[in-house]
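S.K.: I'd like to go over a predicted model; first the sequence, then the structure.
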Amino acid sequence: MTASYEVRGAVAVITLNNPPVNGLGYATRKAVAEGVARANDDAAVQAIVLAGAGKAFSGGADIREFGTPKALAEPNLLSLIKTVEASGKPVVAAIHTVCMGGGLELALGCHYRVAAPGASIALPEVKLGLLPGAGGTQRLPRVLGVEMALNMIVKGDPVKSEVLAALPGQKLFDRLIDGDLLEGAIAFANEVAARRPLPSVRQLKAVHPEADAYFQFARNTVKAMAKHFPAPARCVDCVEQAVKAPSFDAGLAYERGAFTALMFTPESRALRHAFFAERAASKIPDVPEDTPQRKIERVAVIGAGTMGGGIAMNFLNAGIPVTILETKQEALDRGIATVRKNYEAQVKKGKLQQDKLDQRMALLSTTLSYDDIKNADLVIEAVFEDLGVKEGVFKALDEVMKPGAILASNTSTLDVDRIAAFTKRPQDVVGMHFFSPANVMKLLEVVRGAKTGKDVLATVMAVAKKIRKTAVVSGVCDGFIGNRMIEQYSRQAGFLLEEGATPQQVDKAIEKFGFAMGPFRMGDLAGNDIGWAIRKRRYVEKPNMRYSKTADLLCEMGRYGQKTGAGWYDYLPGKRDAIPSAAVVEMIEKHRAELGITPRKISDDEIVHRLVYSLVNEAAKILEEGIASKASDIDMVYLTGYGFPLWRGGPMNYADEQGLYNVVQAMKRFAKNPHDDAAFWQPAPLLAKLADEGKRFN
């Protein structure tokens with residue numbers, strides 16, 4: 001049973017019991033409705049308490065039922081709330097720990113609400129591109145006031161129960177209960193058992209003294225802050241109806257219509273896809289959930305550069321002691337100073353308390369000797385991206401590290417199997433590819449070698465969660481998932497320059513599409529010399545792979561990007577503003593003339609689809625080769641590591657939304673362009689097959 005029923009004296013207690021967060025799935029809704037009916041039929045019962053077992057009152061809808069017939073089966077949530085509201089005996093919601101979404105809407109349908117301090121209260125539907133669809137936009141303004149309720153609905157962030165209980169005039173909570181919540185709720189139910197008429201939120205009025213002006217202000221604010229997402233503006237519309245609709249039921253019907261319309265928007269589909277993709281990323285097909293994990297209590301990082309320091313900060317933030325190893329004392333001092341500076345910047349902005357800074361720095365130690373890290377449970381190598389350098393590190397680690405220690409490499413492109421072969425314990429070796437800046441970026445590519453142990457994988461995925469990263473598993477190949485795809489994107493950007501586009505036109509088009517940064521601004525930020533080094537390697541390993549020469553010519557001019565004050569753009573000292581460069585335009589035009597290409601006008605649409613579909617085609621190959629286990633993992637890599645627009649749900653979801661048939665047709669057009677790479681634009685076999693069968697990646 002996902003909800004239990006028992007009678008305590010004159011009070012019936014219905015307890016939601018559907019772990020982990022008492023989601024309001026079909027079986028739970030049915031059991032609660034039956035419990036309310038049973039209590040009303042029992043003459044000995046005078047009042048009802050609705051409680052939640054375990055770690056929540058209720059987190060809302062049961063996400064496992066999303067998109068299935070069960071989600072709408074009667075009693076649906078609206079019907080259940082109606083049943084509770086219409087009960088002839090008072091229903092008291094006993095709220096603790098988590099009360100969100102449909103869980104809060106159900107509580108608002110009860111006659112009374114009591115709460116334990118510290119409970120997180122929220123209507124987070126906006127984060128899925130939706131709005132509360134079971135009366136939340138109509139009832140919350142009636143108990144908290146219009147402005148507080150609208151803020152909570154539009155932001156979707158949790159607020160603590162004691163904060164809400166302290167608001168003047170609030171009618172959300174009838175009592176805060178310290179001590180045993182259930183005992184307190186039963187005592188309260190006995191107190192109010194005989195009171196009539198029964199109070200009901202629907203009978204309260206939602207009022208605002210300057211309603212028209214306030215809602216106009218709210219609309220303007222929401223438009224500026226959430227321009228790509230329709231849900232926040234619809235939340236404003238619904239709360240306005242709570243104030244202006246002729247009746248409560250009219251407001252409820254308006255809310256339902258708005259909720260249903262949002263369900264079908266591409267933005268909501270993208271957000272829901274991302275929500276499920278993030279949860280699915282932690283599941284590895286052949287690694288059972290109960291795989292034993294290794295204990296990670298001490299971590300060592302090799303290298304105190306930008307990457308090493310950033311990686312160390314993730315563990316310090318999670319309260320895990322870290323030792324950084326370097327070859328020279330001045331490199332260590334520089335690295336530690338950067339870590340401290342990063343923390344001090346957070347203190348200045350009010351994002352971190354000084355005592356927390358002191359606690360974190362106290363967990364950090366440094367050394368110049370491998371002998372001092374031999375007892376670490378996990379060691380992450382973050383040295384220069386060169387196989388010879390990494391060989392030296394891993395041979396040294398193999399000598400000193402205790403048995404069972406996990407040896408990880410932060411390589412972004414190199415072969416993890418070759419790195420593992422430098423040791424006598426390849427089962428302990430794994431790739432942990434952090435993205436720069438490592439203390440900020442959410443993505444962690446976990447690279448699984450041919451011999452990486454399943455317990456090592458399970459442990460690293462759990463560690464990723466602890467340091468608040470989104471971990472995605474990749475197999476071994478050049479560039480793994482993210483960088484292997486971005487190479488094709490960068491090649492297309494180069495070809496577009498040769499054919500007539502300018503760096504700023506390409507960047508503007510893809511930024512308008514929603515990327516955080518276009519390919520040329522990104523190159524200037526990362527350092528154009530990094531791509532140059534990779535291309536030099538490619539010219540030897542893959543001589544038939546064609547690149548535009550523009551990027552090499554740029555590097556030969558010494559224009560490496562922001563760090564040299566000049567890249568694809570010019571930069572003023574100390575500023576990051578990208579200023580179009582006449583020298584770069586001249587270089588591109590000269591190169592174009594040498595190739596004998598007459599420049600043409602290229603549309604933004606062509607720019608966007610050549611860049612995005614190049615990602616999609618390479619991703620289809622990655623999927624087919626088993627480098628990624630599912631399309632949604634690739635979307636997660638691009639949403640959390642490469643600035644792909646969230647409201648488009650990642651490259652694979654975007655391709656699905658466009659229709660794979662249309663994607664393939666576009667690729668066939670690109671293949672006819674004499675200045676592009678026709679062989680690359682042959683649709684990957686998996687993409688061609690899915691398009692042919694009218695199927696999707698996800």
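M.R.: Cool, got the structure. Quick caveat: nothing in here was measured; it's all calculated off a predicted structure. Residues are numbered from 1 along each chain as shown.

S.K.: Quick check on residue 87: phi, psi?
M.R.: phi -60, psi 140 (degrees, to the nearest 10).

S.K.: Check it and give its pLDDT.
M.R.: Model confidence at residue 87, given as pLDDT, is 97.

S.K.: ok, for it, nearest residue in space, not its chain neighbours?
M.R.: Leaving aside its chain neighbours, residue 87 sits nearest to residue 36 (5.4 Å; criterion: C-beta to C-beta, 6 or more residues apart in numbering). The C-beta positions use only the backbone N, C-alpha and C, and glycine is treated the same way.

S.K.: Over to residue 223?
M.R.: With C-beta to C-beta, 6+ apart as the criterion, residue 223 has its nearest non-adjacent residue at 6.7 Å, and that residue is residue 233.

S.K.: What lies in contact with stretch 589-596?
M.R.: Stretch 589-596 is touched from outside by 498, 500, 549, 550, 553, 599, with contacts defined as C-beta atoms under 8 Å, 6 or more residues apart in numbering.

S.K.: Using PDB, write down the CA coordinates of the least confident helix or strand in the chain by mean pLDDT.
M.R.: Taking mean pLDDT, DSSP states H and E as the measure, the helix or strand of the chain with the lowest value is helix 528-541, at a mean of 88. Presented in PDB, the C-alpha positions along helix 528-541 are these (Å, rounded to 0.1, in the frame of the first residue of the first chain):
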ATOM      1  CA  ASN A 528      43.200  29.300 -30.000                       C
ATOM      2  CA  ASP A 529      46.600  27.700 -29.500                       C
ATOM      3  CA  ILE A 530      44.900  24.700 -27.800                       C
ATOM      4  CA  GLY A 531      42.900  23.900 -31.000                       C
ATOM      5  CA  TRP A 532      46.100  24.500 -33.000                       C
ATOM      6  CA  ALA A 533      47.900  21.800 -31.100                       C
ATOM      7  CA  ILE A 534      45.100  19.300 -31.600                       C
ATOM      8  CA  ARG A 535      45.000  20.100 -35.400                       C
ATOM      9  CA  LYS A 536      48.800  19.600 -35.700                       C
ATOM     10  CA  ARG A 537      48.200  16.100 -34.200                       C
ATOM     11  CA  ARG A 538      45.300  15.500 -36.600                       C
ATOM     12  CA  TYR A 539      47.400  16.400 -39.700                       C
ATOM     13  CA  VAL A 540      49.700  13.400 -38.800                       C
ATOM     14  CA  GLU A 541      47.000  11.000 -37.500                       C
END
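
S.K.: and that helix, what other elements does it pack with?
M.R.: In this structure, helix 528-541 packs against helix 550-556, with contacts taken as 3 or more C-beta pairs under 8 Å, 6 or more residues apart in numbering; DSSP states H and E.

S.K.: that older thread, what's the residue nearest to residue 223 in contact with, if anything?
M.R.: For residue 233, counting by C-beta under 8 Å, 6+ apart, the contacting residues are 219, 222, 223, 226.

S.K.: Could you tell me which of the contacts of stretch 589-596 count as buried?
M.R.: When neighbours are counted using 16 or more other C-beta atoms under 10 Å, the contacts of stretch 589-596 contain these buried positions: 498, 500, 550.

S.K.: any idea which of those residues is closest to residue 15?
M.R.: The shortest separation between residue 15 and any of the buried ones among the contacts of stretch 589-596 is 66.8 Å, and it belongs to residue 550 (by C-beta to C-beta).
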